[in-house]
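Engineer: for reference, the sequence and a predicted model appear below.
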Amino acid sequence: MAQHDYDIANQTFPSFRSDLNSVLEAINTSNSGTSRPSSAVAGTIWLDTTSATTPTLKFYDGADDISLATLDYSANTVNWIDSTVVFDIVNDTTPQLGGDLDVNGNSLVSTSNGNITFTPDGTGKVVISGLNYPTSDGTADQVLKTDGSGNLSFVDAFSGISWQSVQTTGFTAVAGNSYPCNTTSAGFTVTLPATPSVGDQVQLVDYAGTFDTNNLTINPNGNNINGQGSNVLAIKDREAITLTYIDSTQGWLPSSGYQEGTEGLSTPYSFDALVIAGGGSGGGAGDLGGNGGGGGAGGYRTSTQSVSIGTVITVTVGDGGASPSTNSNVGNQGSSSSISGSGLTTITSAGGGGGAGSPTNTGTSGGSGGGAGQTSSASGASGNVPSTSPSQGNDGGDGFGGGPNYGAGGGGGAGAVGGNGTSTVGGSGGNGTASSITGSSVTRAGGGGGGVYNGGTGGSGGSGGGGNATQNSNGSAGTVNTGGGGGGGAWNPGSSYVTGGAGGKGVVILSVLTANYSGTTTGSPTVTTSGSNTIMQFNGSGSYTG
């Protein structure tokens, strides 16, 4: 490193030679030094060696130094630092930027129709204004879609709903498809996509105009429909429903194209039902024995089901069996009670069996069986006929064939079998079953008491409306609208023949959440409320429209 004042004075030859060598050394080392050489004039280039490993090449313009480049002795590179420096990178096969590239209002262009290619390394992405572009191509006709967080991906372009073949059984729908659904044979369930994206659509069409009779169930598959996670039913014929996924709160929102212009989707809600049939009448008493078996209680059934808005629940309330037309006849069976409606499971409770008459020793089967007559070989009639699960009733009690009073069996009740007759006492009616469907506990469907001959004690009616058997008297009737069995007749020789008491009429009680109660009924049920529920007690046949 050397600098010189570039002034060679007149001097002896040895001194001249030394001075000249110093000038040449200054030239040869680019006037290197830690400060500008004192001889510098405008146009002098010198090397600032303040940094021994990265000196700076400078140009003196007569007033100031202009830094041209730094020389990296370790990397053997020249780093041009002045913005006006123009350099050529054509021959640099691996050029690198030391900072951001500022195009200064210009463009990146190519010549000869050449491409401009950006290829990130490995898992790197091309990022333009914060948008991450995919690193691989999609399939034909796909488009770029953003997730709203700066990530782009190829997805299928929306090209309308794709029509599918006719469906007749349950299936899982795919977004973007339209399904004609044929429920002619039976309703079935369509399960919506489990992981839908915003804007996804599924269309369901009533192919045969049978949605009103065989509903199509739509399962949201862990999401919501109209903000609720329960299944919904398509209930209108010729319905065309388009479901669009909006977000996790509202889920799928339906738009409906129903020919009559009304909404064709219904969200089911549950109701409770108590269905009790009419009780059987007690048997008549008189000739050749003098006692009648107690009547069996009407069948007792409960049910909890789902009902859709607009569904009509038809209610049938069975009458109790009439008293025997003659004093020795077997009692008459009560009539059945039921609920039924489109899309519902029909619940039918069988009428109670009639008690045995004198001299007939066997009663009749039914919801609960009638009590037996006066012989030790006579068994009570069967209950739970036809068979249901859980059981709708119990058997009648057995008769007693020995004196002095030959007690007849009591009729079966919803909660217990009828009592057996003894030598002096008629069998008690089987007890009924308690229900709190009205808001308080009420026992219904008790069996009628069995009659007794010649001075014995008649059987008492079972709790829940069963009629009593009273000596030398017609049996008392079962209580109306409990389904209680009538009491058997009890006769003394020398007195008028007596007959069995009539069975009590049945009852049907429905309970729904007050928020779901429509108020549309026929048959004038008694309507009360208890807590959050509205209760309809049908003492006669009628209907409720949900």
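Structural biologist: That came in fine, so what should we check first?

Engineer: can you give me the domain assignment for this protein?
Structural biologist: 13-80, 162-267, 269-546 (automatic domain parsing).

Engineer: would you convert those domains into TSV that also reports mean pLDDT, mean neighbour count and distance to A2?
Structural biologist: C-beta: built from backbone N, CA, C; applies to glycine. TSV is the format used below for those (pLDDT from 0 to 100; neighbours: other Cβ atoms under 10 Å; distance: least, Cβ to Cβ, whole Å):
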stretch	mean pLDDT	mean neighbour count	distance to A2
domain 13-80	87	14	4
domain 162-267	88	17	75
domain 269-546	92	28	102
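
Engineer: reformat those as TSV; add distance to Y133.
Structural biologist: Conversion of the domains of the chain to TSV gives the following (distance: least, Cβ to Cβ, whole Å):
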stretch	distance to Y133
domain 13-80	32
domain 162-267	20
domain 269-546	50
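
Engineer: which among those domains is found nearest to D141?
Structural biologist: domain 162-267 (13.5 Å; Cβ to Cβ).

Engineer: returning to what we had before: right, so of the domains of the chain, which gets closest to G124?
Structural biologist: Closest among the domains of the chain, using Cβ to Cβ: domain 13-80, at 24.7 Å.

Engineer: so after the host helix or strand of K58, what's the next helix or strand?
Structural biologist: In this structure, K58 sits in strand 56-60 according to DSSP states H and E. Heading C-terminal from strand 56-60, the first helix or strand you meet, by DSSP H and E, is strand 65-72.

Engineer: contact partners of that next one?
Structural biologist: 36, 45, 47-48, 53-60, 77-82, 85 (Cβ atoms under 8 Å, 6 or more residues apart in numbering).

Engineer: adjacent strands (with direction) for the strand holding K58?
Structural biologist: strand 45-48 (antiparallel), strand 65-72 (antiparallel) (DSSP bridges).

Engineer: Throw these into JSON lines and include distance to G403, thanks.
Structural biologist: Listed next are the strands paired with strand 56-60 as JSON lines, based on distance: least, Cβ to Cβ, whole Å:
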{"stretch": "strand 45-48", "distance to G403": "143"}
{"stretch": "strand 65-72", "distance to G403": "133"}
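
Engineer: out of these, which is closest to N223?
Structural biologist: Going by Cβ to Cβ, the one of these nearest N223 is strand 65-72, 62.0 Å.

Engineer: how far is that closest one from where the chain is centred?
Structural biologist: The chain centre lies 75 Å from the centre of strand 65-72; the measure is Cα atoms, centre = their mean, to the nearest Å.

Engineer: begin at 113 from here
Structural biologist: Sure, I'll start counting at 113 from here, so that last one is strand 177-184.

Engineer: output that strand as PDB, restricted to C-alpha atoms.
Structural biologist: What follows is strand 177-184 as a C-alpha-only set of coordinates in PDB (Å, rounded to 0.1, in the frame of the first residue of the first chain):
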ATOM      1  CA  ASP A 177     -15.200  11.000  -2.400                       C
ATOM      2  CA  ILE A 178     -17.800   8.800  -4.100                       C
ATOM      3  CA  SER A 179     -17.700   5.200  -2.900                       C
ATOM      4  CA  LEU A 180     -17.800   2.800  -5.900                       C
ATOM      5  CA  ALA A 181     -17.500  -0.700  -4.400                       C
ATOM      6  CA  THR A 182     -16.300  -2.800  -1.500                       C
ATOM      7  CA  LEU A 183     -13.800  -5.500  -2.100                       C
ATOM      8  CA  ASP A 184     -14.400  -8.700  -0.100                       C
END
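
Engineer: what about dumping the CA coordinates of the following helix or strand past it to PDB?
Structural biologist: Remark: after strand 177-184, the chain's next helix or strand is strand 189-192, criterion DSSP H and E. Taking C-alpha atoms only, strand 189-192 is exported to PDB below (Å, rounded to 0.1, in the frame of the first residue of the first chain):
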ATOM      1  CA  THR A 189     -16.100 -10.500  -4.600                       C
ATOM      2  CA  VAL A 190     -16.800  -7.000  -5.600                       C
ATOM      3  CA  ASN A 191     -20.000  -5.400  -4.200                       C
ATOM      4  CA  TRP A 192     -21.000  -2.300  -6.100                       C
END
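
Engineer: just checking: what are the partner strands of the helix or strand following strand 189-192?
Structural biologist: Proceeding N to C from strand 189-192, the next assigned helix or strand is strand 239-240, under DSSP H and E. The pairing partners recorded for strand 239-240 under DSSP bridges are strand 243-244 (antiparallel).

Engineer: got the contact list for the partner strand?
Structural biologist: By Cβ under 8 Å, 6+ apart, the surrounding residues in contact with strand 243-244 are 237-238, 258, 262-264.

Engineer: ok, of those residues, which come out buried?
Structural biologist: L264 (16 or more other Cβ atoms under 10 Å).

Engineer: ok so, going back, nearest to Q208, out of the domains of the chain?
Structural biologist: Between the domains of the chain, domain 125-192 lies closest to Q208; by Cβ to Cβ that is 10.1 Å.
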